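K.L.:
need a 3D model of the sequence below.
(chains A and B)
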Amino acid sequence: EAGVAQSPRYKIIEKRQSVAFWCNPISGHATLYWYQQILGQGPKLLIQFQNNGVVDDSQLPKDRFSAERLKGVDSTLKIQPAKLEDSAVYLCASRLQGFTEAFFGQGTRLTVV
Amino acid sequence: GESVGLHLPTLSVQEGDNSIINCAYSNSASDYFIWYKQESGKGPQFIIDIRSNMDKRQGQRVTVLLNKTVKHLSLQIAATQPGDSAVYFCAENNDYKLSFGAGTTVTVRA
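P.N.:
Presented below is the predicted three-dimensional model:
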(Lines give C-alpha, C1' and ligand atoms only; values in the text may rest on other atoms or scores of the structure.)
Protein backbone atom coordinates (compact mmCIF):
# COMPACT_ATOMS: atom_id res chain seq x y z
CA GLU A 1 0.00 0.00 0.00
CA ALA A 2 1.41 3.39 -0.95
CA GLY A 3 1.96 5.76 1.93
CA VAL A 4 1.36 9.48 2.28
CA ALA A 5 3.38 11.31 -0.36
CA GLN A 6 4.76 14.80 0.18
CA SER A 7 6.80 17.11 -1.98
CA PRO A 8 9.22 18.70 -2.06
CA ARG A 9 11.39 17.02 0.58
CA TYR A 10 13.43 20.14 1.16
CA LYS A 11 12.94 23.82 0.45
CA ILE A 12 15.09 26.85 1.19
CA ILE A 13 13.60 30.30 0.68
CA GLU A 14 14.30 33.83 1.76
CA LYS A 15 12.04 35.57 4.24
CA ARG A 16 9.05 37.31 2.69
CA GLN A 17 9.00 34.83 -0.19
CA SER A 18 6.13 32.42 -0.69
CA VAL A 19 6.23 28.62 -0.70
CA ALA A 20 3.79 25.76 -1.28
CA PHE A 21 3.81 22.16 -0.13
CA TRP A 22 1.87 19.30 -1.65
CA CYS A 23 0.41 16.19 -0.05
CA ASN A 24 -1.19 13.11 -1.56
CA PRO A 25 -2.84 11.05 1.19
CA ILE A 26 -3.42 7.32 1.22
CA SER A 27 -6.21 6.40 -1.18
CA GLY A 28 -9.60 6.40 0.51
CA HIS A 29 -8.51 8.35 3.58
CA ALA A 30 -11.08 11.07 4.16
CA THR A 31 -9.23 12.83 6.97
CA LEU A 32 -6.09 14.82 6.19
CA TYR A 33 -3.92 16.76 8.60
CA TRP A 34 -1.11 19.29 8.23
CA TYR A 35 1.32 19.53 11.14
CA GLN A 36 4.24 21.86 11.78
CA GLN A 37 7.20 20.35 13.61
CA ILE A 38 9.83 22.79 14.84
CA LEU A 39 13.21 21.25 15.60
CA GLY A 40 13.21 19.54 18.99
CA GLN A 41 9.44 19.75 19.42
CA GLY A 42 6.47 17.54 18.81
CA PRO A 43 4.24 18.08 15.78
CA LYS A 44 1.66 20.86 16.14
CA LEU A 45 -1.63 20.61 14.27
CA LEU A 46 -2.17 23.39 11.76
CA ILE A 47 -5.31 22.24 9.97
CA GLN A 48 -7.55 19.20 9.68
CA PHE A 49 -9.71 18.35 6.67
CA GLN A 50 -12.58 15.90 6.39
CA ASN A 51 -12.92 15.26 2.64
CA ASN A 52 -12.73 18.80 1.22
CA GLY A 53 -14.10 20.57 4.30
CA VAL A 54 -12.09 22.16 7.10
CA VAL A 55 -12.73 20.57 10.49
CA ASP A 56 -10.24 22.58 12.53
CA ASP A 57 -7.91 25.41 11.55
CA SER A 58 -7.78 27.14 14.93
CA GLN A 59 -3.97 26.99 15.08
CA LEU A 60 -3.34 28.03 11.49
CA PRO A 61 -1.79 31.53 11.25
CA LYS A 62 -4.33 32.68 8.71
CA ASP A 63 -2.59 35.95 7.96
CA ARG A 64 0.15 34.04 6.15
CA PHE A 65 -0.82 30.37 5.95
CA SER A 66 -3.50 28.87 3.75
CA ALA A 67 -4.46 25.32 2.85
CA GLU A 68 -6.90 23.70 0.51
CA ARG A 69 -8.15 20.28 -0.45
CA LEU A 70 -10.37 21.09 -3.36
CA LYS A 71 -11.37 17.61 -4.56
CA GLY A 72 -11.09 15.89 -1.22
CA VAL A 73 -7.89 14.10 -2.17
CA ASP A 74 -4.62 16.05 -2.60
CA SER A 75 -3.90 19.06 -0.45
CA THR A 76 -1.60 22.07 -0.64
CA LEU A 77 -0.31 24.23 2.19
CA LYS A 78 0.97 27.70 1.34
CA ILE A 79 2.94 30.26 3.29
CA GLN A 80 3.00 33.85 2.07
CA PRO A 81 5.05 35.72 3.13
CA ALA A 82 7.40 33.41 5.00
CA LYS A 83 9.10 34.40 8.24
CA LEU A 84 12.27 33.05 9.82
CA GLU A 85 10.21 31.32 12.53
CA ASP A 86 8.39 29.27 9.87
CA SER A 87 11.52 27.12 9.50
CA ALA A 88 10.28 23.65 10.38
CA VAL A 89 9.26 20.29 8.99
CA TYR A 90 5.73 20.30 7.59
CA LEU A 91 4.09 16.93 7.97
CA CYS A 92 1.01 15.68 6.23
CA ALA A 93 -0.99 12.78 7.67
CA SER A 94 -4.13 10.95 6.66
CA ARG A 95 -6.58 8.65 8.39
CA LEU A 96 -9.30 6.28 7.32
CA GLN A 97 -12.67 7.20 8.76
CA GLY A 98 -13.55 5.13 11.80
CA PHE A 99 -9.97 4.11 12.52
CA THR A 100 -7.61 5.63 15.06
CA GLU A 101 -4.27 5.34 13.29
CA ALA A 102 -3.01 8.36 11.37
CA PHE A 103 -0.31 7.73 8.76
CA PHE A 104 2.35 10.37 8.26
CA GLY A 105 4.37 11.35 5.22
CA GLN A 106 8.12 12.00 5.40
CA GLY A 107 7.55 15.74 5.61
CA THR A 108 8.93 18.81 3.88
CA ARG A 109 11.82 20.50 5.61
CA LEU A 110 11.53 24.26 5.14
CA THR A 111 14.41 26.60 5.87
CA VAL A 112 13.72 30.34 5.78
CA VAL A 113 16.85 32.48 5.57
CA GLY B 1 -3.95 25.06 28.15
CA GLU B 2 -4.10 21.30 28.34
CA SER B 3 -1.30 19.40 26.74
CA VAL B 4 0.59 16.17 26.60
CA GLY B 5 4.13 16.08 27.88
CA LEU B 6 6.95 13.63 28.43
CA HIS B 7 8.93 13.37 31.63
CA LEU B 8 12.43 13.07 30.20
CA PRO B 9 13.82 14.45 26.95
CA THR B 10 16.47 11.74 26.59
CA LEU B 11 16.93 8.10 27.53
CA SER B 12 20.06 5.99 27.05
CA VAL B 13 19.53 2.23 27.15
CA GLN B 14 21.86 -0.75 26.90
CA GLU B 15 21.01 -3.07 24.03
CA GLY B 16 18.95 -5.96 25.33
CA ASP B 17 17.60 -4.07 28.34
CA ASN B 18 14.01 -2.94 28.69
CA SER B 19 13.12 0.71 28.05
CA ILE B 20 10.42 2.68 29.81
CA ILE B 21 9.27 6.00 28.39
CA ASN B 22 6.87 8.09 30.42
CA CYS B 23 4.26 10.64 29.52
CA ALA B 24 1.95 12.87 31.55
CA TYR B 25 -1.26 14.27 30.15
CA SER B 26 -3.74 16.76 31.49
CA ASN B 27 -6.87 16.46 29.34
CA SER B 28 -9.09 13.94 31.09
CA ALA B 29 -11.54 14.06 28.17
CA SER B 30 -9.13 12.38 25.75
CA ASP B 31 -10.62 9.13 24.49
CA TYR B 32 -7.44 7.40 23.44
CA PHE B 33 -3.69 7.78 23.48
CA ILE B 34 -1.09 6.83 20.92
CA TRP B 35 2.64 6.27 20.94
CA TYR B 36 4.57 7.25 17.82
CA LYS B 37 8.18 6.58 16.86
CA GLN B 38 10.05 9.07 14.70
CA GLU B 39 13.37 8.23 13.12
CA SER B 40 15.64 10.91 11.74
CA GLY B 41 14.33 12.35 8.49
CA LYS B 42 11.06 10.46 8.64
CA GLY B 43 7.53 11.14 9.70
CA PRO B 44 6.10 9.71 12.95
CA GLN B 45 5.21 6.03 12.77
CA PHE B 46 2.37 4.51 14.78
CA ILE B 47 3.48 2.05 17.46
CA ILE B 48 0.50 1.29 19.64
CA ASP B 49 -2.60 2.96 21.02
CA ILE B 50 -4.79 2.51 24.07
CA ARG B 51 -8.34 3.58 24.73
CA SER B 52 -9.18 5.51 27.85
CA ASN B 53 -11.28 2.62 29.20
CA MET B 54 -8.24 0.33 29.27
CA ASP B 55 -5.21 0.30 31.55
CA LYS B 56 -2.87 -1.96 29.62
CA ARG B 57 -2.32 -3.04 26.07
CA GLN B 58 0.41 -5.22 24.63
CA GLY B 59 1.89 -5.41 21.19
CA GLN B 60 4.99 -6.98 19.74
CA ARG B 61 7.78 -6.15 22.25
CA VAL B 62 5.83 -3.10 23.43
CA THR B 63 3.39 -2.53 26.27
CA VAL B 64 1.48 0.65 27.01
CA LEU B 65 0.18 1.35 30.49
CA LEU B 66 -2.44 3.98 31.27
CA ASN B 67 -3.04 5.32 34.76
CA LYS B 68 -6.01 7.66 34.61
CA THR B 69 -5.85 8.44 38.32
CA VAL B 70 -2.58 10.31 37.91
CA LYS B 71 -2.99 11.00 34.18
CA HIS B 72 0.11 9.10 33.21
CA LEU B 73 0.97 6.67 30.46
CA SER B 74 4.10 4.78 29.68
CA LEU B 75 5.60 2.81 26.84
CA GLN B 76 7.69 -0.21 27.69
CA ILE B 77 9.96 -1.70 25.04
CA ALA B 78 11.27 -5.17 25.78
CA ALA B 79 14.79 -6.24 24.79
CA THR B 80 15.67 -2.89 23.24
CA GLN B 81 17.44 -3.14 19.88
CA PRO B 82 19.60 -0.64 17.96
CA GLY B 83 16.68 -0.11 15.58
CA ASP B 84 14.65 1.25 18.48
CA SER B 85 16.83 4.38 18.58
CA ALA B 86 14.46 7.22 17.71
CA VAL B 87 12.33 9.97 19.19
CA TYR B 88 9.17 8.70 20.86
CA PHE B 89 6.05 10.82 21.18
CA CYS B 90 2.92 10.27 23.10
CA ALA B 91 -0.19 11.84 21.64
CA GLU B 92 -3.70 12.20 22.89
CA ASN B 93 -6.79 12.14 20.76
CA ASN B 94 -9.75 14.42 21.12
CA ASP B 95 -12.39 14.38 18.42
CA TYR B 96 -9.83 12.81 16.01
CA LYS B 97 -7.36 15.64 16.63
CA LEU B 98 -3.96 14.47 17.80
CA SER B 99 -1.97 16.58 20.27
CA PHE B 100 1.67 15.63 20.65
CA GLY B 101 4.11 16.07 23.49
CA ALA B 102 7.73 17.17 23.03
CA GLY B 103 9.21 13.69 22.68
CA THR B 104 11.86 11.49 24.29
CA THR B 105 15.02 10.67 22.37
CA VAL B 106 16.00 7.05 22.96
CA THR B 107 19.60 6.07 22.28
CA VAL B 108 20.52 2.38 22.36
CA ARG B 109 24.08 1.58 23.44
CA ALA B 110 25.76 -1.47 21.93
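K.L.:
could you report the neighbour count for the closest residue in space to A:Ser87 that isn't next to it in sequence?
P.N.:
Nearest residue to A:Ser87, sequence neighbours excluded (CB to CB, 6 or more residues apart in numbering or on different chains): A:Val112, at 4.8 Å. To be clear about C-beta, it is placed using only N, CA and C from the backbone, and glycine gets the same treatment. Number of residues near A:Val112 (other CB atoms under 10 Å in any protein chain shown) recorded here: 20.
K.L.:
do the same with B:Lys56
P.N.:
Neighbour count of B:Lys56, defined by other CB under 10 Å: 11.
K.L.:
for chain B, what lies in contact range of chain A?
P.N.:
Counting by CB under 8 Å from any CB of the partner chain, chain B comes close to chain A at B:4, B:32, B:34, B:41-46, B:49, B:89, B:91, B:93, B:96-103.
K.L.:
among the residues you listed, which ones are buried?
P.N.:
B:4, B:32, B:34, B:43-44, B:49, B:89, B:91, B:93, B:96-103 (16 or more other CB atoms under 10 Å in any protein chain shown).
K.L.:
could you tell me which of these belong to strands?
P.N.:
The strands, defined by DSSP state E, take in B:4, B:32, B:34, B:49, B:89, B:91, B:93, B:97-100 from these.
K.L.:
just for chain A, where's the confidence low?
P.N.:
Residues of chain A meeting the criterion pLDDT under 70: A:1.
K.L.:
chain neighbours aside, what residue packs nearest to the residue nearest in space to the middle of it?
P.N.:
For chain A, the residue lying nearest the average C-alpha position, counting by CA atoms, centre = their mean, turns out to be A:Trp34 (3.1 Å). Here the nearest residue to A:Trp34 in space, its sequence neighbours aside, is A:Leu46; by CB to CB, 6+ apart that works out to 4.5 Å.
K.L.:
which residues does the one you found contact?
P.N.:
With contact set as CB atoms under 8 Å, 6 or more residues apart in numbering or on different chains, A:Leu46 has these partners: A:34-36, A:57, A:59-60, A:65, A:67, A:77.
K.L.:
cool, and B:Val64?
P.N.:
B:33, B:35, B:48-50, B:56-58, B:73-76.
K.L.:
which residues in chain B form strands?
P.N.:
Counting by DSSP E, residue ranges of the strands within chain B are B:4-6, B:10-14, B:19-25, B:32-38, B:45-51, B:56-58, B:62-67, B:72-77, B:86-94, B:97-100, B:104-109.
K.L.:
CSV for these, including mean pLDDT and distance to A:Ala2?
P.N.:
Compiled in CSV, the strands of chain B are given as follows (pLDDT from 0 to 100; distance: least, CB to CB, whole Å):
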stretch, mean pLDDT, distance to A:Ala2
strand B:4-6, 58, 30
strand B:10-14, 95, 33
strand B:19-25, 92, 30
strand B:32-38, 95, 20
strand B:45-51, 95, 15
strand B:56-58, 97, 28
strand B:62-67, 97, 26
strand B:72-77, 95, 28
strand B:86-94, 93, 23
strand B:97-100, 89, 22
strand B:104-109, 96, 29
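K.L.:
mind putting the ones you listed into CSV with distance to A:Arg16?
P.N.:
Output for the strands of chain B, formatted as CSV (distance: least, CB to CB, whole Å):
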stretch, distance to A:Arg16
strand B:4-6, 34
strand B:10-14, 37
strand B:19-25, 39
strand B:32-38, 31
strand B:45-51, 35
strand B:56-58, 48
strand B:62-67, 45
strand B:72-77, 42
strand B:86-94, 32
strand B:97-100, 30
strand B:104-109, 34
